[in-house]
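# with the sequence up front, the predicted model follows.
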Amino acid sequence: MGYVGLPLALALARAYSVVGFDISETRVAELKRGYDRTGETPPAVLRAATLTISDDPSAISGADYFIVTVPTPVDENNRPDLGHLREACQTVGKALKKGAVVVFESTVYPGVTEDVCGPVLEKASRLRVGENFFLGYSPERINPGDRDHTVDKITKVVAGQTPEVTKALSELYGAITSGGVFVAKNIKTAEQLKGGILGSSDLTGSSFIAIQFALGKLGLSEKDVAIIRSGGTRERLAALRGRRIQATVLSPPTSFMAQNEGFNLLTDVTGMPFQHNGVVTTRRIIRQSPDLVRRYVKSQVEAVHLMKTDRETGIKVLMKFMRAKEEDREVVGRSYDLSVGDDVYPRKQYPTLAGIKTILDAVAKEDPKAAQVRPEDFVDVRFIRELDQSGFIDNLYKGKKS
């Protein structure tokens, strides 16, 4: 009955008969008095709840559903400690009846539900998993202290050992959350990215396109996941921290910050053909003020030259406009080193037609008219070509290594 189990039990108790079990006598006594030490649940809510709370294992004997929400911390070698999970399985196993479903919400690596928990439950219950009782998985998505993304509002991901179990879990969780239920293909995919929730800034823009590209590299498709709007870069990182989403696309320095916090890099999308940055204007401006456009393009080339050849100034500029603190200098430095590569900011900044095509292909899924236009219709390279052919750009970098 921690910060995950208690809110879930309270929500379920509004629709079902529920027993909240905890091995701690102290914790149970506190909750019965209306006190939640985690601060997640107000006393008035606890006192008004129809939830039965107990530390007696016999209180859960013969239940139809068992939902396990014990912690799975990591040890000193960053390996998951499944000790609490195994102990919970032993307790649940002794209370199992034929036909029961055991659902795991604890954060685990792929295979734990079926390969670790299943055998422990079998041994304790003397029943056969998949025949006499069944397994399910619904990863918890609670962020302590977050009042906006509570268990009754978030999208729940569910997977069952059989189609019938999956359907039952969809109905069970669907009765308590307004955020809907996403059904994963099977338990192991629910434990991985498949069946998970991915955060995007929107459902048509660059982060969405990058997610599509990343899924392809991982051998997945949009049908394997749920993609939701999660706001800008900072909001998506916050959602990742709060486990409201399982993955998102981040660019430096935010991606480096996430890795420093222990998040894993699943795939790199830097090879994706995409017009990441660019300067846009109207045909009218180009026609009426070509000298203005020409001067701007020249200044852009000079600015990129300064960034690529003066690391200290480049880092200072990045820190200023990113509002970074001095302790962020290492991350900003890594971002600088990545950004000044010719694959990100080439010396000769011609638009990438393949990158524009990637954008048009994505837009065409929603607006078929986009399939009828060419990337060339959106670029004007005369100004950068003039600078290139005049030797101006080569002279800027004369003596600099490629």
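Perfect, I can see it now. Being a predicted model, the structure only gives us computed values, none of them experimental.
# show me where the stretch 1-150 of the chain has strands.
According to DSSP state E, counting those that start in this stretch, the stretch 1-150 of the chain carries its strands in the segments 19-21, 52-54, 65-68, 101-104, 134-137.
# could you export those strands as TSV, including distance to Gly83?
Placement of C-beta: from N, CA and C, glycine included. Formatted as TSV, the strands of the stretch 1-150 of the chain follow (distance: least, C-beta to C-beta, whole Å):
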stretch	distance to Gly83
strand 19-21	18
strand 52-54	23
strand 65-68	13
strand 101-104	15
strand 134-137	19
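# which among those is found nearest to Lys223?
Closest to Lys223 of the strands of the stretch 1-150 of the chain is strand 134-137 (C-beta to C-beta; 19.0 Å).
# pLDDT of stretch 383-392, averaged?
What stretch 383-392 shows for mean pLDDT is 96.
# output the lowest mean pLDDT helix or strand found in the protein.
Least confident element among the helices and strands of the chain, by mean pLDDT, DSSP states H and E: helix 187-191 (a mean of 56).
# next SSE downstream of that helix?
Downstream of helix 187-191, the next assigned helix or strand under DSSP states H and E is strand 197-200.
# just give me the neighbour total for Gly262.
For Gly262, the neighbour count with other C-beta atoms under 10 Å is 8.
# now it: phi and psi?
Backbone geometry at Gly262, expressed as degrees, to the nearest 10, gives phi 110, psi 0.
# residues in contact with Trp378?
Quick fix: residue 378 reads Phe, not Trp. Phe378 sits next to 351, 356 when contact means C-beta atoms under 8 Å, 6 or more residues apart in numbering.
# tell me how far it lies from Thr248.
Separation of Phe378 from Thr248 (C-beta to C-beta, to the nearest Å) stands at 28 Å.
# just Phe208 next, same as before
Phe208 is 11 Å from Thr248, where distance means C-beta to C-beta.
# looking at these two, which one has more neighbours?
The neighbour comparison of Phe208 against Thr248 (other C-beta under 10 Å) goes to Thr248, with 27 against 19.
# tell me the pLDDT of the more buried one.
91.
# next one: it from Leu265, what distance?
Relative to Leu265, Thr248 is positioned 12 Å away (C-beta to C-beta).
# and Leu46, by the same measure?
Following C-beta to C-beta, the distance that separates Leu46 from Leu265 is 41 Å.
# sorry, back to before: same list, the strands of the stretch 1-150 of the chain, but as JSON lines with distance to Gly174, mean neighbour count and mean pLDDT please.
Below are these laid out as JSON lines (distance: least, C-beta to C-beta, whole Å; neighbours: other C-beta atoms under 10 Å; pLDDT from 0 to 100):
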{"stretch": "strand 19-21", "distance to Gly174": "21", "mean neighbour count": "21", "mean pLDDT": "97"}
{"stretch": "strand 52-54", "distance to Gly174": "23", "mean neighbour count": "17", "mean pLDDT": "96"}
{"stretch": "strand 65-68", "distance to Gly174": "14", "mean neighbour count": "21", "mean pLDDT": "97"}
{"stretch": "strand 101-104", "distance to Gly174": "14", "mean neighbour count": "25", "mean pLDDT": "96"}
{"stretch": "strand 134-137", "distance to Gly174": "14", "mean neighbour count": "24", "mean pLDDT": "94"}
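# quick one: which of the ones you listed is nearest Glu386?
Distance to Glu386, taken as C-beta to C-beta, is lowest for strand 134-137 among these, at 60.4 Å.
# show me where pLDDT drops low in the stretch 201-350 of the chain?
Counting by pLDDT under 70, the ranges of the stretch 201-350 of the chain that qualify are 218-219, 243.
# which residues in it form helices?
206-217, 233-241, 254-260, 283-288, 290-309, 311-322, 329-339 (DSSP state H, counting those that start in this stretch).
# tell me which of those is the most buried.
When these are scored by mean count of other C-beta atoms under 10 Å, the highest mean neighbour count falls to helix 206-217 (a mean of 20).
# residues in contact with it?
Helix 206-217 has contacts (C-beta under 8 Å, 6+ apart) with 198, 200-202, 221-222, 224-225, 227, 236, 248-249, 266-267, 269, 272, 274, 276, 358-359, 362.
# how's this protein carved up into domains?
For the chain, automatic domain parsing gives the domain ranges 5-191, 197-260, 283-396.
# contacts only, for Cys117.
Applying C-beta under 8 Å, 6+ apart to Cys117 gives the contacts 68, 85-86, 89, 102, 104, 135.
# list the residues that contact the residue nearest the centre of the chain.
Residue closest to the mean C-alpha point of the chain, counted by C-alpha atoms, centre = their mean, is Ala247 at 2.3 Å. Contact analysis of Ala247 by C-beta under 8 Å, 6+ apart lists 193, 196, 198-199, 240, 266.
# got it, and Ala226?
Taking C-beta under 8 Å, 6+ apart as the criterion, Ala226 is in contact with 155, 157, 182, 196-198.
# cutoff 10 Å now
155, 157, 180-184, 195-198, 245-246 (C-beta atoms under 10 Å, 6 or more residues apart in numbering).
# same thing with Gly62?
Residues near Gly62 by C-beta under 10 Å, 6+ apart: 95-97, 100.
# what does Glu261 give?
Here Glu261 is in contact with 237, 240-241 (criterion: C-beta under 10 Å, 6+ apart).
# which one of these sits closest to Pro7?
The nearest member of those to Pro7, counting by C-beta to C-beta, is Arg241 at 18.5 Å.
# correct me, but that closest one touches Thr254?
No. The criterion here is C-beta atoms under 10 Å, and Arg241 misses it with Thr254 at 11.5 Å.
# mind listing what the residue nearest to Ala11 when sequence neighbours are not counted touches?
Leaving out its chain neighbours, the residue that sits closest to Ala11 by C-beta to C-beta, 6 or more residues apart in numbering is Ile176, at 4.4 Å. Contacts for Ile176 were tallied using C-beta under 10 Å, 6+ apart; they are 8, 10-16, 151-152, 156.
# kindly check the end-to-end length of stretch 23-39 for me.
For stretch 23-39, the first and last residues are 19 Å from each other (C-alpha to C-alpha, to the nearest Å).
# same question for stretch 312-332.
End-to-end distance for stretch 312-332, by C-alpha to C-alpha: 11 Å.
# which ones among the contacts of Ile176 are found in helices?
Among the contacts of Ile176, the ones falling in helices (DSSP state H) are 8, 10-13.
# much appreciated, bye for now.
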